[in-house]
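> next one to model:
(4 chains)
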Protein chains: 4
Amino acid sequence: MRFFSDNAASVCPEVMAALAKANLPDTAYDGDALSRSLDAAFSDLFGTEVAALWVSSGTAANALALAALVQPHQAVICHEEAHIQGDEAGAPEFYTGGAKLFLAQGAGARLDPAGIAALAGSIRSDVHQAQPAAISITNATEYGLVYSPEETRAIGDLAKARNLGLHIDGARFANAVAAMGCHPGDLTWRAGADVLSFGFIKNGGMSAEALIFFRPELAEATRWRRKRAGHLLSKGRFAAAQILAMLNDGVWLRNAAAANAAAAHIANAAQERLLHAVEANEIFVRLTPVEAASLRAQGFLFYDWVPGVARLVCSWDQPAAEVEALANAIARL
Amino acid sequence: MRFFSDNAASVCPEVMAALAKANLPDTAYDGDALSRSLDAAFSDLFGTEVAALWVSSGTAANALALAALVQPHQAVICHEEAHIQGDEAGAPEFYTGGAKLFLAQGAGARLDPAGIAALAGSIRSDVHQAQPAAISITNATEYGLVYSPEETRAIGDLAKARNLGLHIDGARFANAVAAMGCHPGDLTWRAGADVLSFGFIKNGGMSAEALIFFRPELAEATRWRRKRAGHLLSKGRFAAAQILAMLNDGVWLRNAAAANAAAAHIANAAQERLLHAVEANEIFVRLTPVEAASLRAQGFLFYDWVPGVARLVCSWDQPAAEVEALANAIARL
Amino acid sequence: MRFFSDNAASVCPEVMAALAKANLPDTAYDGDALSRSLDAAFSDLFGTEVAALWVSSGTAANALALAALVQPHQAVICHEEAHIQGDEAGAPEFYTGGAKLFLAQGAGARLDPAGIAALAGSIRSDVHQAQPAAISITNATEYGLVYSPEETRAIGDLAKARNLGLHIDGARFANAVAAMGCHPGDLTWRAGADVLSFGFIKNGGMSAEALIFFRPELAEATRWRRKRAGHLLSKGRFAAAQILAMLNDGVWLRNAAAANAAAAHIANAAQERLLHAVEANEIFVRLTPVEAASLRAQGFLFYDWVPGVARLVCSWDQPAAEVEALANAIARL
Amino acid sequence: MRFFSDNAASVCPEVMAALAKANLPDTAYDGDALSRSLDAAFSDLFGTEVAALWVSSGTAANALALAALVQPHQAVICHEEAHIQGDEAGAPEFYTGGAKLFLAQGAGARLDPAGIAALAGSIRSDVHQAQPAAISITNATEYGLVYSPEETRAIGDLAKARNLGLHIDGARFANAVAAMGCHPGDLTWRAGADVLSFGFIKNGGMSAEALIFFRPELAEATRWRRKRAGHLLSKGRFAAAQILAMLNDGVWLRNAAAANAAAAHIANAAQERLLHAVEANEIFVRLTPVEAASLRAQGFLFYDWVPGVARLVCSWDQPAAEVEALANAIARL
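Predicted coordinates for the structure are as follows:
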């Protein structure tokens, strides 16, 4: 029973069916009909004109987004526990040509305007320090917290006031939208976001994420950057097909809601052990070594986050029986 | 009837079946059983111990290979019409951190030791010029020519003598092996190659190429470079599955042979129009504008390479009727 | 008797005096009075508002200029024998973050609009090729030829028409102005140039070149790029002092005219041996190995450019007796 | 009365004399006799074979040193207040091709093995995180503290044990040696250092720092990196001359001792205000806004480090009367 990563989950049937259906000869790269329909599909979803590019990983999406917002001699403000800082092996530095990440703090890997402003205020405006040109936040955060539309807009307003771009790492954006029950525009462009890494893979996709530019003109240079990064796939139609299949009929939202519900069920059984509120599909619980070993002996697989803390992640396809079993097992500890 | 690119071809049934079969939860990234079996599968194929990594495009494979062989202040020797120079939008420069490409010449985009030595000899060994640290050749070449084992080894010997690494861009390596009817080791490590970009996508794959290190220790740093380039896929098992499906039972070689045979059939009908010998699956023919228009009017799609020259590419799945039709149409011109 | 490089020349007395005079405590980096006066001094010289930064080498000046004009995924058009291509060990690639240099041809390392347009026209506008964003020419060229104001403007017009920036590598810009007898603005901003690397070191300076932005807003980001490249000197006043000393009272033009006159005198004695017209301070002469050895036996030091061709360079301080002696020696060969 | 930076100080007479003496034609770049004598001069000073290169700024020295020790996908461990992190505008990221800086803590910007080990221990060894390949310490530190030979060796031992390179930012290395009264080898190679940025400019030089490789083979690639960074000066003999003049007859040590003594005198008058022990030439004192204003009204120029704290820096040439005056003024506050 795997609770260690939503990356370990299976691919949802709608995506598998779309891959089969796309398996006809078509134009290479992103010249095919499916790839060319992405802009319209996402513009429709977000209720504003966007430019949308497929890429094959969240790391590539994030790094390309940052490269669109900052120059090599500039900097990005992010949380000290952000994925772009701690889990991408320097991809932002690679793609931006060496821009710096300035690290802000906040509980649950969530930033707020005060924390960002404090950090920004500590940076001298002289040429001896790289100047921030963008803020990057993650929604849902690395700890499964969700920024509300208002919280996002507060950061967006700060970004505008300081002339900074705003990127959202949305590896679990679907879970955030499902959690908030709001329009996806409320968590993005209406709140001041410029670029979104919109994750599909953890949520039932196979190998395609979407990079959404709410200022479409920012996408232009990214087409070249994507190519020179080796992310312009030769048979791009299969990437587009995955994404379109999940946009169709609300699959993306349904999958995310299922994962969130599973997490909520387990969280309910683990209230007094929780490190953070469970707002999306991740649960961080305090476990003694003995308790952790006991759960593992019962067949539950999960990740030791730090000593004494386990991370449990629910996937879109987590069987109800597994969820129930884990909830019961934790309650019995 | 598409003859403009083998990237436009469909995905072969063995790959589609393997994707379906791989659709079970498993460890993320490259920790799954399929990904972990690649080293052994390719070591078996090549008859020597190799390290094998999946990546999602030929551009990424090439750029990672070059980054493993040269430092940012060094250079790569390649043909002036090599894909890495003319069709990858600066990916080698990006991945290597700004290494230079020094451009050699040769008919049909094929290099020979004399041409390489002449170029290398023109580079001063002082600090005012980047020093070459690798040679990159393409087999089959951009013009569908194939290096024989002997020709490859002659370049490999030169590389060793000058202390240069040797990379082979094998976007159509399968076609080269099928054309030569030799052991894949004869075109690679036995001939002195250090790294091979082994193409699967044009040959019936969907989204996975293999990067093969014949000096396995070279692969180590590449694991980090692949991650920071955003090419460590979160559900890597689907990439591994594609490759393994094509290695199994000789699918890769059968597909390539089919494409080569189709090209040979067309070439046979176009002997006096050929710019280059047709040794793999590409055919470059002289066509007047009127002739080109005539073929297009009959439903044949292809690429105008330069004025007066058309490129015709046969895919692994090119229907025999289309091949026959094109051969006849050219013969009738 | 050194004729191998104007870099080997001495520092002119005005510069030495200025260094001594500047040797008082002052604000660090470029906050001192001398550094702050550069903008005005060069604006006055060029007759238009410019931003001027000192740097410590021509390579740094060129590379910073290009980084101001092109993005990492773009390209620069230059001559195949340009210093930025052949003598800077990849500095442009380093500073631009991996932009490509596309190499045009032209006699005497001089470009013309037709050659540039032909090269630009050969580049597809798709994402598979880096797109040119700037042209770089060298005045005087690597072979001592000089672009006239009209020739420069023809290239500037082409640059504007194609939306390309125009950089001038002016390592020997003073020699070009002296040769043309024109206003320095005629060879730069009036002809469409955006940035000039204005050389002082070969012309009597010690360690300071000037980077001149004719679109002053382009200089802003360069202040950060200069710092992160390690070219913001801690005692920058000594760099500014050198440059100001040479701007004062026309020293820069007088020095260059002296070097040009010396070269003209030697060229006069070597008319039938010249590879290129001698328009500045470099002379390329055909010499048999025996002739070259004879000159060396007489004490003349020079550089073998290619087999059978020697490069002779005259410096601002070349003693008249040495010049006369060389002219006579060549005449006697 | 300037106490805000040793960069503001004048150039010492020995250096000025050496510049005048070097003003003869000689070979360009680093081919001249002075530049070629640096290896021997520093090998003699350090008592071991070293390779020594001049560069024109401490930032360039540091960045080149780091680029010699880490690959683009790796990381450097340094103090969170290190100059390379906070005052070089991303130069390390630029020169290393995007390596990350991992920030450790320690009072007075001084690292110790426990702090380094704690940081290193927090980095997972998987491919999702850049792996440290070097440690960089600053001696004297940003706060004027000095690592003893034993403290340095403890870090050097840790570096060796973890297979990390060790770089020392010695912008004020002379002050550290003068403070310790030890052999310069005791603070460097005998303690396990691989590379030293040996500062001369703050200590009486004009525009030359030395980069010392205690593993001379590390210097080779750096010759190319220096060139492509634009730091191979065309008249390099003037850089070499400055350094040699300061090595001669112990000028470097005498100048540093003078600065240290001046700082000690002022520190003595400010004991109860000191934030850190005054071990080199910097003094950090607590001052109320009124006190700071009072000192400024008396003509003392200094830098507000953070609110309530002033930084006072003594230079090699700080007049005794100024030092006495400042000591008295502080005592009177």
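
> close to chain B, is the longest helix anywhere in chain A?
In chain A, taking DSSP state H as the definition, the longest helix is helix A:251-268. No: taking C-beta under 8 Å from any C-beta of the partner chain as the criterion, helix A:251-268 and chain B are apart, separated by no less than 13.2 Å. Every C-beta, even on glycine, is put in place using the N, C-alpha and C of the backbone.

> could you point out which element follows that helix?
strand A:282-286 (DSSP states H and E).

> next, the buried residues of whichever helix or strand comes after that next one.
Using DSSP H and E, the helix or strand that directly follows strand A:282-286 along the chain is helix A:289-297. Buried residues in helix A:289-297, counted by 16 or more other C-beta atoms under 10 Å in any protein chain shown: A:291, A:292, A:294, A:295.

> how near is the nearest residue to residue A:107 once chain neighbours are set aside to residue A:83?
For residue A:107, ignoring the flanking residues on the chain, the nearest one in space by C-beta to C-beta, 6 or more residues apart in numbering or on different chains is residue A:276 at 7.7 Å. Separation of residue A:276 from residue A:83 (C-beta to C-beta, to the nearest Å): 16 Å.

> dihedrals phi and psi, the closest residue to chain B within the stretch 101-250 of chain A?
Residue nearest to chain B within the stretch 101-250 of chain A (C-beta to the nearest C-beta): residue A:230, separated by 2.9 Å. Phi and psi for residue A:230, reported as degrees, to the nearest 10, are phi 80, psi 20.

> and the residue nearest to it when sequence neighbours are not counted, what does it touch?
Spatially, and ignoring its direct neighbours in sequence, residue A:230 is nearest to residue B:60 (2.9 Å; C-beta to C-beta, 6+ apart). Applying C-beta atoms under 8 Å, 6 or more residues apart in numbering or on different chains to residue B:60 gives the contacts A:229, A:230, A:231, B:91, B:209, B:226, B:229, B:231.

> how about residue A:88?
A:59, A:62, A:63, B:227, B:228, B:230, D:128.

> out of those residues, which are buried?
By 16+ other C-beta under 10 Å, the contacts of residue A:88 give A:59, A:62, A:63, B:227, B:228, B:230, D:128 as buried.

> could you see whether chain C lies near the helix or strand encompassing the fourth one?
Same thing as residue B:227. Per DSSP H and E: residue B:227 is located in helix B:219-228. No: Helix B:219-228 is not in contact with chain C by C-beta under 8 Å from any C-beta; minimum separation 14.6 Å.

> and the following helix or strand past that helix, how far from the chain's centre?
Sequence-wise, the next helix or strand downstream of helix B:219-228 (DSSP H and E) is helix B:237-247. Here the centre of helix B:237-247 is set off from its chain's centre by 17 Å, with C-alpha atoms, centre = their mean, to the nearest Å.

> any idea of the mean pLDDT for helix B:237-247?
For helix B:237-247, the mean pLDDT works out to 98.

> shaky segments in the stretch 151-300 of chain A?
Along the stretch 151-300 of chain A, no part satisfies pLDDT under 70.

> any part of stretch A:198-214 near chain B?
Yes: against chain B, stretch A:198-214 shows contacts by C-beta under 8 Å from any C-beta at A:201, A:202, A:206, A:207.

> closest to residue C:272 out of the residues you listed?
When these are ranked by distance to residue C:272 (C-beta to C-beta), residue A:207 comes first, at 68.8 Å.

> ok, now which ones touch the closest one?
Contact analysis of residue A:207 by C-beta under 8 Å, 6+ apart lists A:56, A:201, A:239, A:242, B:56, B:207, B:233, B:235, B:238, B:239.

> need phi/psi at the closest residue to it other than its chain neighbours.
In space, and not counting its chain neighbours, residue A:207 is closest to residue A:56: 5.4 Å by C-beta to C-beta, 6+ apart. Torsion angles at residue A:56 (phi, psi; degrees, to the nearest 10) stand at phi -100, psi 10.

> do you know how far residue A:56 is from residue A:125?
Distance from residue A:56 to residue A:125, by C-beta to C-beta: 38 Å.
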